[in-house]
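Novice: build me a model from this:
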Amino acid sequence: MVKVPLLIYPCLNPMITPHSFGLFRIIVKLVALVLVASQLSADQPVHPPEGFRALFNGRNLSGWWGAKTENPREWMALPADKLNAKREASLADIRRHWSVEGDELVNGGAGLYLTSEEFFGDYELLIEYRTVALADSGIYLKGSPQVQIWDTTEAAGKWDIGAKFGSGGLWNNSPGTAGKNPLVLADRAFGEWNQFRIIQCGARTWVWLNDQLVVDGAILENYFDKTRVQPIPARGPIQLQTHGGEIRWRNVFVRNIEPKEANARLSKITPAGFESIFNGRDLNGWDGSTEAYAVRDETIWASPDSGGALFTTESYANFQARLEFKVPSGGNNGLAIRYPGHGNPAYDGMTELQVLDNTGPRYTQLDDRQYHGSAYGMVPAERGYQRSVGEWNYQEVTVVGSTIKVELNGNIILQTDLADVTEYMDDKKHPGKDLATGYFGFAGHKSPVGFRNISIKRLP
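Specialist: Coordinates of the predicted model:
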């Protein structure tokens with residue numbers, strides 16, 4: 001309820017004449033608006049930038065629970081009742097070690113990590129922190145460690161494990177990999193607030209610390225399973241780690257990134273050397289079953305009525321290809337790799353990298369080596385990283401010698417050496433898998449799959 005001062009009511013103040021009653025009505029309204037605005041400001045102590053929303057409301061720990069360094073895939077797979085029980089059981093520890101002072105989240109250096117109830121896929125995170133000497137902390141992305149925060153001084157004793165390079169790196173990545181050490185040392189002095197800007201598209205991660213780029217599109221590796229190629233989860237929580245010293249957080253804001261923006265960002269990673277192989281107007285530069293494909297809206301569309309391989313007129317040995325694709329419900333096609341220009345791309349070429357709607361009801365009983373991104377019939381790809389049916393996906397394929405790597409929407413879903421393959425689906429061998437050169441194209445399986453923004457870079 002808004003209370004208006006008694007003084008401004010004309011019926012109670014003899015100094016106010018009836019002629020000035022209209023003026024005082026205006027004053028009453030203005031005062032009421034000011035008081036309402038003040039109340040709204042008190043209810044919303046944090047003010048996200050345009051396009052963002054607050055992940056921490058600035059008042060309490062609503063929307064957060066507690067978890068430690070544990071494989072998020074395991075607890076995310078729990079039945080709803082068991083997951084809720086796990087969350088509830090964590091809250092006593094969170095209340096003991098975490099508090100809110102003003103608009104700041106405070107932790108003394110112990111206890112479970114503050115974990116968002118909400119999961120994120122492609123997103124941008126803004127967050128500020130302030131810590132103390134000898135402290136060690138970090139931000140887990142999709143439940144996976146971590147964007148590192150630590151005391152970067154020599155006196156802290158951690159220079160030998162990377163502290164001399166500064167905070168912001170993906171410290172749990174393998175030695176020598178991109179992103180493990182930050183590009184520059186951007187930490188401010190103790191007692192000052194630091195600001196992160198973090199963008200994740202799939203596992204591809206960009207980090208700015210105090211407006212300086214410290215990680216440039218590097219893959220955040222899966223800390224919990226490095227024995228095989230398995231990306232971090234497609235969606236997961238934000239976790240604020242605590243480890244040995246007080247840390248404070250504030251202004252925690254997030255926005256979701258839509259597929260169009262994510263694809264554009266992913267396509268700008270190391271752009272040098274790529275050449276477009278589709279002009280967006282016609283099939284000039286392409287050969288094969290051209291009658292089974294049509295060009296509309298700068299996109300190559302496969303026909304639902306006829307099939308056959310469409311392939312480039314130029315051949316390639318080692319190369320990296322980039323493209324966007326869209327599959328309809330139940331869609332099916334494939335990327336022809338080192339195709340000889342005749343026969344079945346999956347067997348007569350080096351391989352067909354499957355393009356498939358993995359969620360299609362008709363595909364529930366396929367061999368693992370038939371799902372999207374797989375080297376067809378030979379090596380299965382990781383699943384769960386496609387966008388929703390009808391959305392454009394971004395994919396990169398790298399072929400060097402007998403090795404193939406497939407990156408889908410910022411996640412490496414296949415990394416294999418076909419020279420090591422000895423078991424085949426249905427025991428049907430692939431005579432073309434050892435081809436050293438061939439054409440690039442699309443397999444075509446009478447399904448209206450679309451391809452656009454197609455480019456290739458030749459590799460040594």
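Novice: doesn't Glu124 belong to a strand?
Specialist: Yes - looking at Glu124 with DSSP: H, G, I helix; E, B strand; the rest coil, it is inside a strand.
Novice: what's around Phe325, how many residues?
Specialist: Using other C-beta atoms under 10 Å, Phe325 has 24 other residues around it. Bear in mind the C-beta positions are built from the backbone N, C-alpha and C, glycine included.
Novice: and what of Val399?
Specialist: Val399 has 24 neighbouring residues, counting by other C-beta under 10 Å.
Novice: just the element for it, please.
Specialist: For Val399, the host element (DSSP states H and E) is strand 393-400.
Novice: buried ones in that strand?
Specialist: Neighbour-count burial for strand 393-400 flags Asn393, Tyr394, Gln395, Glu396, Val397, Thr398, Val399 (criterion: 16 or more other C-beta atoms under 10 Å).
Novice: one more: stretch 274-294?
Specialist: In stretch 274-294, counting by 16+ other C-beta under 10 Å, buried: Phe274, Ile277, Phe278, Leu283, Trp286, Gly288, Ser289, Ala292, Tyr293.
Novice: so which of the residues you listed is the closest to Pro340?
Specialist: Gly288 (11.3 Å; C-beta to C-beta).
Novice: what sits against the residue lying closest to Leu459 once chain neighbours are set aside?
Specialist: Nearest residue to Leu459, sequence neighbours excluded (C-beta to C-beta, 6 or more residues apart in numbering): Asn318, at 4.0 Å. Listed by C-beta atoms under 8 Å, 6 or more residues apart in numbering, the contact partners of Asn318 are Val399, Val400, Gly401, Arg458, Leu459, Pro460.
Novice: what about Asn318, distance to Ile269?
Specialist: Distance, Asn318 to Ile269, by C-beta to C-beta, to the nearest Å: 19 Å.
Novice: output stretch 359-374 as PDB - backbone C-alpha positions only.
Specialist: C-alpha atoms of stretch 359-374 as PDB (Å, rounded to 0.1, in the frame of the first residue of the first chain):
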ATOM      1  CA  THR A 359      14.900 -38.200 -32.700                       C
ATOM      2  CA  GLY A 360      12.800 -39.700 -35.500                       C
ATOM      3  CA  PRO A 361      10.500 -42.500 -34.300                       C
ATOM      4  CA  ARG A 362      11.500 -44.700 -37.200                       C
ATOM      5  CA  TYR A 363      15.200 -44.500 -36.100                       C
ATOM      6  CA  THR A 364      14.900 -45.800 -32.500                       C
ATOM      7  CA  GLN A 365      16.300 -49.200 -33.300                       C
ATOM      8  CA  LEU A 366      19.300 -48.300 -35.500                       C
ATOM      9  CA  ASP A 367      22.800 -49.500 -35.000                       C
ATOM     10  CA  ASP A 368      24.900 -47.000 -33.100                       C
ATOM     11  CA  ARG A 369      27.000 -46.400 -36.200                       C
ATOM     12  CA  GLN A 370      24.000 -45.100 -38.100                       C
ATOM     13  CA  TYR A 371      23.200 -42.000 -36.100                       C
ATOM     14  CA  HIS A 372      24.100 -38.400 -37.000                       C
ATOM     15  CA  GLY A 373      27.800 -37.700 -37.400                       C
ATOM     16  CA  SER A 374      28.800 -41.300 -37.400                       C
END
